[in-house]
Every structure is written in structure tokens, then in C-alpha cells.
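Predicted coordinates and the sequence they were generated for:
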Amino acid sequence: MKRTDFPPIAESDLEPAPVERAETIPSAWYTDAAFAPADREWIFARTWQGIGHASQVERPGQYFVETVAGEPLIVVRGKDNVLRAFFNVCRHRGGPLALEDGCANALQCRYHGWTYLLDGTLRGVPAMDRTELFDRKDFGLRPVRVETWEGLVFVNLDPEAAPLETYVAGIRERISPIRLGALRFSHRAVYEVRCNWKVYVDNFLEGYHVPYVHPELAKLYDYTRYVTEVFEWYSLQHSPLTGNNLYSRDGGGEAFYYCIFPNFMLNILPGRLQTNLVLPEGHDRCRVVFQYFHDDVEGDEAQKRIAEDVAYSDAVQQEDIEICERVQQGLGSRAYDGGRFSVKYEGGVHHFQELVRGAYRGGRGADAPGAMSAR
């Protein structure tokens, strides 16, 4: 995106402020379609995106496809057992290499049959023998940075971005002895929500609304001991669990709710991880992909527990969808332009919105490199 294409923003709306004095980001940032390309270029194309799980690419030749910041991508396990990511774009005339997840010995363009090895090297080029000054080694697939953390697969379109560990530093140690990488995939669910992706993230980042929107969820943990902490690239909401419940029959344990900027959530309860990936589908719509992982996925009892977990989470999600869609409508009202933060409950929302401001400052060129940081 060219800087001249950036939507008009008042300088005062880009100024950082502590949560005690800050105002929320303007409603136009949620409702104006001009901000969708800004989000795509200055946020999603420059951050680590959690797009899958290592179990999807366990064996050589396995691959899965996804879209990040409007770019079609493919993640593949090579015959050398190395995990790689590429733009899912043939170097001939832009055709796709794969339309859905699969397994193959090579990747072949669905348009004209150009064939690439699993390491991205161009191997087969039908009917190109009369083309002058053509060298296959110059037309390999364009690579994308890919890293794994606790079994989760992340990609980043920005070759200059800091390593993934910078984004997740401290999480593994904080939740110990829980080992997310030891959990096994159990279920996937996808929700279409009629709201801007930032509305959905804002909603995730605070427990302020829980007593009013989620009466059953409010019984799961001790609301009086609900705490939000913020770090450089993520925030954490946590609380002890209370009473007998699906996740802790003896009432012990703790709930951890992480949000890794900008759009990836880790919902951690005893014996279970649920990830949420929030994908923009337009300025007023988003798609939320839930993936569930459990410590036990074998046998009838385990399957019953998973089914109960999915049903419970789905009920909460339906409540969130309804309120988020109502909020999107309210943000478009002439009666609203911005608000203030609850210092006690909305520190995570403020942190997220400051990172969005930082990304926009970087897009506007108002700051030096690193402008995205909230600190």
C-alpha cells in the first residue's frame, strides 16, 4: 500500500496515552471500508499469523493452504522433513498450486502444469523449450517465513519482522506445567460474524461484559480475582476456576486467556487448549476459526468430554456473536464516535488499540521503524 492511499486520520487519534487518560479508537476505524486495506497491509502483513497446526503437516508431502493479508499461501513438509511456506502462486502466470489441503510428491500449478519440488524448486515446465533466456532456477516459488511454537504453525509476510519467540516470550513458562505441544487436535469450528475484526478482538480482551452477556461463563471462574496483564505483543486475562465444572471436577486450576497481536487467541483450561483465529472478510465482517486440542481424545469418555466442551463453547460464542454484531451497528450510529476505558477491566482492550495506533503511525510514516509497538 502506498502511503498516499492511507485513509485520513487526525493526528490526535494517533497519539498514545495511558489507559487512565486514553480514549478508544474512533468508530470510523471499525466502520469505514477505507481502513480494511490499511489493516491488511500495516497489521496482517507485518505480524506473525497463527494459521495451522503441525499435525496437519506431520508427514513429508503433506500441505495445507491458507490466506494471510489477502495473499494465498501454502505450508508444506518437504521430503527432508523441513517445514516450508510459500506463496501459493505459480511463477508462470499466477495460477494456484493447491486449492485445498492435501499430500503430494510435488506441487503442480492447476493452470498450466508447471511443477515444483517440495522445497520450492521449479522442476517441470511444459512447452517452454522455445522460450529464450529462460532458466528454471530463476523461477522457484517465493518463500514465506514460517515457524512453529508448541505445535502451532505461524507465518509472517514481513522478512524483517522479529522472530516468533519475541511475540510469545514468557507464555510457556507462565502456564507450566501445562504443555500445549502435548495436546492433540480434537475439533474445528468456523463462525461468520457480521462485525469488523477489531470489534471481535476488543470483545475477547475484557471480562467486563461477562456478567451481562455470559451468565454461565461467569460461574466458571472467580470474577473477583479476574486479572488482566499486558506484555509487548500479547495480553493475558486469568482467573482461578471455581466449583465443579467441565474442566476441573475438583474446582482447582486456572483459566488463561491470551491474545497475541493482532488476531490469535489461546484459551487455556485444564486439559484443553482452544485457539481462535480472527480473519477479516471485509470492513464489517470477519470469520473466526476455532480449533480445539485436548490431553485425551481416545475412548468414549474423552469424546463425551470434548462434545460437552464444544457445546459449552458454542453457546458462549453465540452470545459473543450477537453482542459483537450489535456493537458493530452501534459504532455506525451518528450518536457514537468514541469512548473511554475501565482501568480495572479494559487494560487488554487499551493495549490492543494502542498497537493498532502504532501500526497506523507506521503506515503513515509518523514514527521510525518499530512504530507498531505500544510501548
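Ah, there it is.

Am I right that residue 315 is in a helix?
Yes - under DSSP: H, G, I helix; E, B strand; the rest coil, residue 315 falls within a helix.

what about the residue sitting nearest the centre point of the chain, distance to residue 177?
Against the mean C-alpha coordinate of the chain, by Cα atoms, centre = their mean, the closest residue is residue 264 at 3.1 Å. For residue 264, the distance to residue 177 equals 23 Å [Cβ to Cβ, to the nearest Å]. All C-beta spots, glycine's among them, are computed from the backbone N, C-alpha and C.

pretty sure residue 141 belongs to a strand, no?
No - under the criterion used here (three-state DSSP), residue 141 is coil, not part of a strand.

could we number from 22 for the rest of this?
Yep, numbering from 22; the last one is residue 162 now.

which intervals of this protein have sub-threshold pLDDT?
Low-confidence segments of the chain (pLDDT under 70): 22-26, 148, 151, 153-155, 265, 270-272, 387-396.

Map the structural domains onto the sequence of it.
Structurally, the chain divides into domains by automatic domain parsing as follows: 22-67+191-396, 70-177.

Is it possible to get TSV of the ones you listed that adds distance to residue 183?
What follows is the domains of the chain, written out as TSV (distance: least, Cβ to Cβ, whole Å):
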stretch	distance to residue 183
domain 22-67+191-396	9
domain 70-177	9
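
To residue 184, which of the ones you listed lies closest?
Using Cβ to Cβ as the measure, domain 70-177 is the one of the domains of the chain that comes nearest residue 184, at 7.1 Å.

From the chain's centroid, how far away is the closest one?
Offset of domain 70-177 from its chain centre (Cα atoms, centre = their mean, to the nearest Å): 21 Å.

go on, stretch 356-369?
23 Å.

who touches it?
Outside stretch 356-369, the residues within contact range by Cβ atoms under 8 Å, 6 or more residues apart in numbering are 40-41, 43-49, 226-229, 247, 249-251, 256, 258, 280, 351, 370-371.

what's the first-to-last distance across that stretch?
Across stretch 356-369, the terminal residues are separated by 25 Å (Cα to Cα, to the nearest Å).

Would you verify that residue 212 is located in a strand?
Yes - the assignment for residue 212 by three-state DSSP puts it in a strand.

Would you agree it is in contact with residue 337?
No - Residue 212 lies out of contact with residue 337 (Cβ atoms under 8 Å); the separation is 11.4 Å.

so what's the backbone phi/psi at the nearest residue to residue 274 once chain neighbours are set aside?
In space, residue 274 comes closest to residue 291 once its chain neighbours are excluded; the distance is 4.2 Å by Cβ to Cβ, 6 or more residues apart in numbering. In terms of degrees, to the nearest 10, the main-chain angles of residue 291 are phi -50, psi 120.

tally of neighbours for residue 291?
17 (other Cβ atoms under 10 Å).

Report the contact partners of the residue nearest to the centre of the chain.
69-71, 296-299.

From these, pick the one nearest residue 264.
Proximity of these to residue 264 (Cβ to Cβ) peaks at residue 297, which lies at 25.0 Å.

Dump whatever helix or strand the closest one lives in to PDB, restricted to CA.
Using DSSP states H and E, residue 297 falls within strand 293-303. The C-alpha trace of strand 293-303 is given here as PDB (Å, rounded to 0.1, in the frame of the first residue of the first chain):
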ATOM      1  CA  ARG A 293      -7.600 -28.200  26.900                       C
ATOM      2  CA  LEU A 294      -6.500 -25.600  24.500                       C
ATOM      3  CA  GLN A 295      -8.800 -23.700  22.200                       C
ATOM      4  CA  THR A 296      -7.300 -21.400  19.600                       C
ATOM      5  CA  ASN A 297      -9.200 -18.600  17.900                       C
ATOM      6  CA  LEU A 298      -8.100 -17.000  14.700                       C
ATOM      7  CA  VAL A 299     -10.000 -13.900  13.600                       C
ATOM      8  CA  LEU A 300      -9.800 -13.300   9.900                       C
ATOM      9  CA  PRO A 301     -11.200 -10.100   8.200                       C
ATOM     10  CA  GLU A 302     -13.700 -10.800   5.500                       C
ATOM     11  CA  GLY A 303     -14.400  -7.100   4.800                       C
END
